[in-house]
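Peer 1: Prediction below, plus the sequence it came from.
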Amino acid sequence: MSERPEALRFQFEDLDQQRAADEFGMWVFLLTEVLFFGALFLVYAVARWNHPEAFIDGSHLLNATLGTVNTAILLTSSLAIAVADLAVREDARRLARWMLSATLLLGLAFLAVKGYEYLLEYRHHRVPFLDRPFEWPGPDAREGRLFFNLYFAMTGLHALHLVVGCGLVCAMLWLNERSRLPARLTAQVRAAGLYWHFVDVVWVFLFPLLYLVR
Amino acid sequence: MRALLLTFAALLALLALTVWIGSLELGRVTIALSLGVAFLKAALIVTVFMHLRDAGTMIRIAALGGFLWLGVLFWLTFGDVARRDAGADAPLEPTLVPPRDGKSSGSGE
Amino acid sequence: MADRDTLPRPNYLLDGGTTLKRWLLTTDHKRVAWLYMVSITFFFLLGSAAALLMRLELLTPEGDLLTAEMYNRMFSLHGIIMVWFFLVPAIPATLGNFLIPLMIGAKDLAFPRLNLLSWYIYAFGAAFTVWATVAGGVDTGWTFYTPLSSMFANGNVSAAILGVFIVGFSSILTGINFIVTVHRMRAPGMTWFRLPLFVWANYATAIIMVLATPVLAITLLLVFVERAFGIGIFDPALGGDPLLFQHLFWFYSHPAVYIMILPGMGVVSELVACFARKRVFGYGLMAGSILAIAFLGFLVWGHHMFVSGQAAYAGLMFGLLSFLVAVPSAIKVFNWTATLFRGSIVLETGMLYALGFIGLFTIGGLTGLMLASMAIDVHVHDTYFVVAHFHYIMVGGMVMAYLGGLHFWWPKLTGRLYNEFWGRFSAVAIFVGFNLTFFPQFIMGYQGMPRRYHSYTPEYEPWHVLSSAGAVLLAIGYFLPLLNLGWSMLRGRAAGDNPWGATGLEWRTTSPPPPHNFRNPPVVQREAYDYGSDDAPVPDREMPR
Amino acid sequence: MLESLADILGAVTDFGARVDALFLVMLAASLILVAALVALVVGFCVRYRRGRGDHAGPRLDHRLEYGWSLALLAVFLGFFAWGAWVYVDQQRVPDGTLQIRAVAKQWMWKFHHPGGQREINHLHVPAGRPVEIVLASEDVIHSFYVPAFRLKQDAVPGRYTRTWFEADAPGVHRLFCAEYCGTQHSRMRGTVTVLSPDEYAQWLAERTPDEGLAEAGARLYSALGCSGCHEPGSQVHAPGLRDLYGRPVALASGETVIADEAYLRDAILLPEKHVVAGFDPVMPSFSTQIEEADLMRLIAWLRAESRAGGNDGRP
Ligand code: HEA
Ligand code: HEA
Ligand code: CUA
Ligand SMILES: [Cu+2]
């Protein structure tokens, strides 16, 4: 193999073993993330089961257009990082740089839109946990609070993951310039990509459940 | 590269589909359909973008295992939530003197 | 071995830096195991001190020693510490960390730095929680039931929840590390069905950690935001469901009780095989039962909720599944017994602990079945019957197994031998003290003594007095191994590579092992527990009768 | 037969007797298993001690193990079925019950009889007739537990739960709160007095209004903010009131007085008059806020409370 031996950590016998271990480890980590978010979805499902009307009313109050735009942004960012992964693999560092930057920008754009939505929520008095009046057009104002609490908890946690993802992509950009160990870089970008796609998958479920199921 | 672009196109198409389904406002049916579309989208991302199609058995098990376990969590929790005594819902603010409706007066008196 | 007191070189204790800094920045799994061992011992003492205070308070029916609030803080502190900071990491993070790479013939875990990181996360989270409980106190019990924990309890609940949340990630990282290690790092020839049962047990434990802990994490996070920011999620006043919290909590915490027993079962399998000099009876079935327990363990959580107002339908399913999980447990007990049959048995310290485990685990398990028989649980739920049940399994079972394993592998950990007489003496003392402490709790539990009671009605007093007396004996018992093992580190004789004549790769390297475990990479040609063959290792010291 | 065997444990309901019977049978089965296990382990350890040299011979047959496991599974399923049968019977509330409402709150039980009679912590019910308890909670989860009935049911905020029992004979039994509910969880206890049907009718008829007053007093106690200072765990250092009535109180002035109605009245309206030893005189006067009737209610509650749960050991 042409890889430099420095890329091999002491506990492994060869690079194949190392690569397999790294990738498997990343997937097991994502498995824990699936359960982490999954339980949150269960909380949503139970609340919705108990109060279907309030949740339908609630989803009407969200801005589905912004949500759709955001979904498109995130899907595009996923494409960008997938291309970056390919580029790094072929050692096309310039393309990789462009694609990683695109990913980062799209991620930030998503966060900006999300922030704008939060601002709208705030202006319309739909942030139940702040010390200001909560306004709800329908009959079930209490359950409405529950809906918005869940909305903020779920999207907030997702946004937090996205922030971490952006940090990772920044790190990848830096490594892409500096790294002298292509084998290592490929593995790192692969791992960052897996994480990014996972965060995307979470949103793919969040979006219809919060904005669309009316 | 082609695979990536095709997948991306499919994802956008599915996004359009799900928005359209949502706009129909079909109640329960919407949930089922939207979730179906979401699973399709997730499957595309996972198999193509995340390279699950080239991955080994253990990685596939890890990827599916999470969903399987969530299935267990949902199944057994709803075994309770969906089957609770329907009459058990109390007014949200239990009053000091619970309402004296038909249920509460002693049927034996 | 030239001198009977010098240890072979190089070894991981002396080579690789002996300064505190080198220990705190180590990535050697054997040293990380020590970091964990020291910290869990500290937490065990802290949790025990709380238990001792509780037992003193319960000597009399009136609440005279502690105020009600103090008492409630004590059992919360006790439960939180004992479960998350002591028993969950007890065997996996210490013996497991040390032994898994050795047993499968690897140089280290797959991710050594991650391993050190999980210790730091653990230490930070645990210290944070202890700070929270000292500054302000937590009086929710270890179960954090809402809405008590989210809206009513006073004190530093948010911080404690955050601390447990943090420690959860340490568990998750350890789990990931073990899973990948067992899959990817096995030495040539070490096939799945040649793995020692201890590795199987820790592998299954790791799977549970990875699948269950995230659910606890998110659940605690939700309680935290509800309490700290008023983002009501379980709040009944908003139409939230307090029972949903219980489902999520027990979805973690029942599997977690298997996190707290499977590694012990693994230890006992090793000890019984070695000290009976026989291959474990029904190896395949033993490995299978471990996996079956891990899997079925995920399906029974609702047996903690039989009187909570959960639907009867769900209760029936959970009850039935709870009985199913008992079958693989019973198979294990049976197979340990069958391993003894026609063995060549010595009652070394480790073996005494192992036998104690078998008996006490069986009692705890059978009373678990009574609890799972729904009608009985209606009566004894939240009484001392439950308290006795889980102490039989967790203290009588897992702590015994931990101590047994610690004695068994002590020569490997330190290269030295402890005093055998005091070893056995303390095993017996702990066994007696344990039963005196917890058996009376079954009786008063069935008579209706509720748990988490600071003061109680006088008819239960005699049983409480017995129980408190036992706790004092138990306290003395627990100090003996501490002294004996501590003494051996200073004065013990050098142990030699394989003092018990055990099979297993860990005994094929020196005691203590060199930094990267093996001088020559091992190649495995035999199945585990190959005690029957002619060239099986023999004890290199005289065994007592 | 089994039920009469169970009598030694003293359950006083049919459900309780069935629980005891199941328990005793499982206990016997467990004892047999444990005895067998101990016999085998000890026996093997003695017989096959190292150095005795008789450990050669054929191994155990694995078919034995499968047979044994299946047999055990069958026994386990039998126990499950038995327990589930008793449990399901108990879940089904029969027709024609006497329905009593119980409202749990930190840290007391309030019972409402169908005729409007109310009581706190001490429940009176007739024997020989199914009594249904409908449970609600005002704050956290509590649990209604009567050991002599082998009966327990959580009270969950935001919904009703229900349970029922039919007591065989008159008697007084303990009532506990079994779900941990905060600081005074262990004090949230009382009694269930089973009366003969005649006595019960009489008891209903001669209910003094005292308890009704106390009930309202309890509400005032939190509504007026007394609980904010006087409950254990509050930020203010103020004396506990729950077992105050009738006790001697040491005052800052050095005197000792008995906490009777007059003293309590003064303490509430003119707190500076008698300051309790060891406390700062920070309690505000309530003379402008409390009407006479409410004062009566408060004092009635203080009295009821001291009689009820306060004193250890006396049911
Ligand atoms: C390590 C910890 C551990 C383990 C392993 C178990 C194991 C089991 N537990 Fe336990 N349990 C706890 C820890 C544990 N538990 C804790 C901490 C609580 C309280 C939590 C709280 O509320 O704070 C609890 C509470 C608890 C409850 C709820 C009680 C209540 O609150 O009302 C129930 C109810 O079903 C239960 C059941 C069981 C069962 C069926 C098993 C089974 O897995 C047991 C299976 C084992 C056997 C059945 C023994 C097999 C042996 C034989 C059959 C003998 C064979 C004989 C020969 C060979 C001769 N447990
Ligand atoms: C690993 C788990 C574990 C362990 C080892 C123990 C060990 C012990 N436990 Fe614990 N216990 C739990 C887990 C555990 N417990 C849990 C989960 C709960 C439920 C909590 C809840 O309800 O939320 C509980 C609850 C619980 C209760 C019920 C409280 C109540 O409901 O009101 C009691 C009462 O007797 C008790 C007693 C004991 C005793 C006597 C020991 C003994 O084994 C301890 C004996 C040892 C000693 C006494 C050593 C003394 C040491 C010192 C004095 C050290 C000095 C100090 C320093 C040097 C720092 N425990
Ligand atoms: Cu109410 Cu405990
Ligand atoms: Cu359990």
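Peer 2: Ah, there it is. Here the structure is a predicted model, which is why all the values come from computation and not from measurement. Residues are numbered from 1 along each chain as shown, chains lettered A, B, ... in the order given. Ligands and ions are numbered 1, 2, ... in the order given.
Peer 1: Pull the distance from stretch A:34-47 to the chain's centre.
Peer 2: 16 Å (C-alpha atoms, centre = their mean, to the nearest Å).
Peer 1: close to chain B, is that stretch?
Peer 2: Yes. Judged by C-beta under 8 Å from any C-beta of the partner chain, stretch A:34-47 comes into contact with chain B through A:Val34, A:Leu35, A:Gly38, A:Ala39, A:Phe41, A:Leu42, A:Ala45, A:Val46. All C-beta atoms are positioned from the backbone trio N, CA, C, and that covers glycine.
Peer 1: right, is that stretch up against chain D?
Peer 2: No. Applying C-beta under 8 Å from any C-beta, one finds stretch A:34-47 separated from chain D by no less than 12.6 Å.
Peer 1: Excluding chain neighbours, give the residue nearest to the residue most central in space within chain B in space.
Peer 2: With distances taken as C-alpha atoms, centre = their mean, the residue of chain B nearest its centroid is B:Leu35 (6.6 Å). What sits nearest to B:Leu35 in space, not counting adjacent residues and going by C-beta to C-beta, 6 or more residues apart in numbering or on different chains, is A:Pro208, at 7.2 Å.
Peer 1: Confirm for me that the residue nearest to the centre of chain B is in contact with A:Val204.
Peer 2: No. Here B:Leu35 does not reach A:Val204: they are 10.5 Å apart, not a contact under C-beta atoms under 8 Å.
Peer 1: quick one: contacts for D:Trp109?
Peer 2: Going by C-beta atoms under 8 Å, 6 or more residues apart in numbering or on different chains, D:Trp109 touches D:Ala102, D:Val103, D:Ile120, D:Asn121, D:Leu123, D:His142, D:Phe144, D:Leu175, D:Cys177, D:Met188, D:Gly190.
Peer 1: And the residue of the stretch 151-300 of chain C closest to chain D?
Peer 2: Going by C-beta to the nearest C-beta, chain D is nearest to C:Pro236 of the stretch 151-300 of chain C, at 3.0 Å.
Peer 1: and that residue, what pLDDT?
Peer 2: At C:Pro236, the pLDDT value in this model is 86.
Peer 1: can you tell me how far the nearest residue to it once chain neighbours are set aside sits from D:Trp203?
Peer 2: Distances taken as C-beta to C-beta, 6+ apart put D:Gly158 closest to C:Pro236, at 3.0 Å, once the chain neighbours are dropped. According to C-beta to C-beta, to the nearest Å, D:Gly158 and D:Trp203 sit 33 Å apart.
Peer 1: hang on, the earlier thing: keep only those of the residues of stretch A:34-47 next to chain B that are in helices.
Peer 2: Under the assignment DSSP state H, those contribute A:Val34, A:Leu35, A:Gly38, A:Ala39, A:Phe41, A:Leu42, A:Ala45, A:Val46 to helices.
Peer 1: Can you tell me which of those comes closest to ligand 1?
Peer 2: Within those, the smallest distance to ligand 1 is 19.8 Å, found for A:Ala39 (C-beta to the nearest ligand atom).
Peer 1: For that closest one, give me its contacts.
Peer 2: Here A:Ala39 is in contact with B:Leu73, C:Pro214, C:Val215, C:Ile218, C:Thr219, C:Leu248, C:Phe251 (criterion: C-beta under 8 Å, 6+ apart).
Peer 1: For the first one, which three-state class applies?
Peer 2: Translated: B:Leu73. Here B:Leu73 takes the helix state, with states given by DSSP: H, G, I helix; E, B strand; the rest coil.
Peer 1: Check what pLDDT the closest residue in space to B:Ser34 that isn't next to it in sequence gets.
Peer 2: The spatial neighbour of B:Ser34 that comes closest, neighbours along the chain excluded (C-beta to C-beta, 6+ apart), is A:Pro208 at 3.8 Å. Confidence at A:Pro208, expressed as pLDDT, is 93.
Peer 1: Determine the number of other residues adjacent to residue 72.
Peer 2: Just going to use chain A. Neighbour count of A:Ala72, defined by other C-beta atoms under 10 Å in any protein chain shown: 16.
Peer 1: The intended chain is chain B.
Peer 2: What B:Val72 shows, counting by other C-beta under 10 Å, is a neighbour count of 15.
Peer 1: what are the phi and psi values for B:Arg53?
Peer 2: Torsion angles at B:Arg53 (phi, psi; degrees, to the nearest 10) stand at phi -70, psi -30.
Peer 1: residues in contact with it?
Peer 2: Counted by C-beta under 8 Å, 6+ apart, B:Arg53 has contacts B:Thr47.
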